[in-house]
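**Q** Here is my input, please return the structure:
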Amino acid sequence: MRRHWGLREFSSECLKSNKASNGRSLGADKASSEMMYKVLALVLSLAAFHSHLTSSETTKPPAPGETHPPVPTGPVPTLEVKDVVVVEGRCSWGGLMLESSTLNLMKEPCEAWTCDAENFTVTIQRCGDFQVPRHCELEASLEAFPSCCPILVCGGV
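**A** Predicted coordinates for the structure are as follows:
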């Protein structure tokens, strides 16, 4: 009879026997299990935070004679990720190994990542927010951050 396992049940059962279903030793202990839950909680928190940052907001139109400023607020540090995995003085983040104290300019996503291995953190900079006036649009670029941030173009200029 097959049994369906939830993540917590599976990891708890494996930790009891310290063996995977194929009989191999996991080399895991209670601390590893707790770290796994912390990482999972961090990932879920980041996903919720990213969703909040990227949610669309409705702004009221400017009053007659008033215009929205076409000036970006960024790039600025928007997020500091704590308790990242550090291996041999480099941060493991987003599928990459980041050198400590080095600015990593990304194209996709349009961000800059900086590893602080000593403090187990990665700082993420993103593009600033624009208020787009009427008859204007945002133009994207395929360059690395911050050049990939949208540029405000008004009236064909």
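
**Q** For the rest of this, base every contact and every neighbour count on C-alpha atoms.
**A** Will do.

**Q** Just give me the neighbour total for the closest residue to residue 102 other than its chain neighbours.
**A** Spatially, and ignoring its direct neighbours in sequence, residue 102 is nearest to residue 114 (5.8 Å; Cα to Cα, 6 or more residues apart in numbering). If you count neighbours by other Cα atoms under 10 Å, residue 114 ends up with 20.

**Q** For whichever helix or strand residue 114 is part of, the averaged confidence score.
**A** Assignment of secondary structure by DSSP states H and E places residue 114 within strand 111-116. Mean pLDDT, computed over strand 111-116, is 94.

**Q** give the contact list for the residue nearest to residue 102.
**A** Contacts for residue 114 were tallied using Cα atoms under 8 Å, 6 or more residues apart in numbering; they are 98, 100, 101, 102, 103, 104, 122, 123, 124.

**Q** Give the bridge partners for it, please.
**A** residue 103, residue 123 (DSSP bridges).

**Q** Which strand residues bridge residue 82?
**A** With beta bridges defined as DSSP bridges, residue 82 has these partners: residue 121.

**Q** And the pLDDT for it?
**A** In this prediction, residue 82 carries a pLDDT score of 93.

**Q** Count the residues that sit near it.
**A** The tally of other residues near residue 82 (other Cα under 10 Å) stands at 13.

**Q** Surely it is in contact with residue 116?
**A** No. Under the criterion of Cα atoms under 8 Å, residue 82 makes no contact with residue 116, lying 9.7 Å away.

**Q** shared neighbours of those two, which are they?
**A** Going by Cα under 8 Å, 6+ apart, residues that sit against residue 82 and also against residue 116 are residue 122.

**Q** tell me the domain ranges of this protein?
**A** Taking automatic domain parsing as the domain assignment, the record places the domains of the chain at 7-53, 76-154.

**Q** Return the member of the ones you listed having the minimum mean pLDDT.
**A** Comparing those by mean pLDDT, the weakest confidence falls on domain 7-53, with a mean of 50.

**Q** Can I get the strand holding residue 114 in PDB, CA atoms only?
**A** Extracted as PDB, the C-alpha positions of strand 111-116 are listed here (Å, rounded to 0.1, in the frame of the first residue of the first chain):
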ATOM      1  CA  GLU A 111      18.300  43.700 -10.400                       C
ATOM      2  CA  ALA A 112      21.700  44.100  -8.700                       C
ATOM      3  CA  TRP A 113      22.700  41.500  -6.100                       C
ATOM      4  CA  THR A 114      25.500  42.100  -3.500                       C
ATOM      5  CA  CYS A 115      26.700  39.300  -1.300                       C
ATOM      6  CA  ASP A 116      27.900  40.000   2.300                       C
END
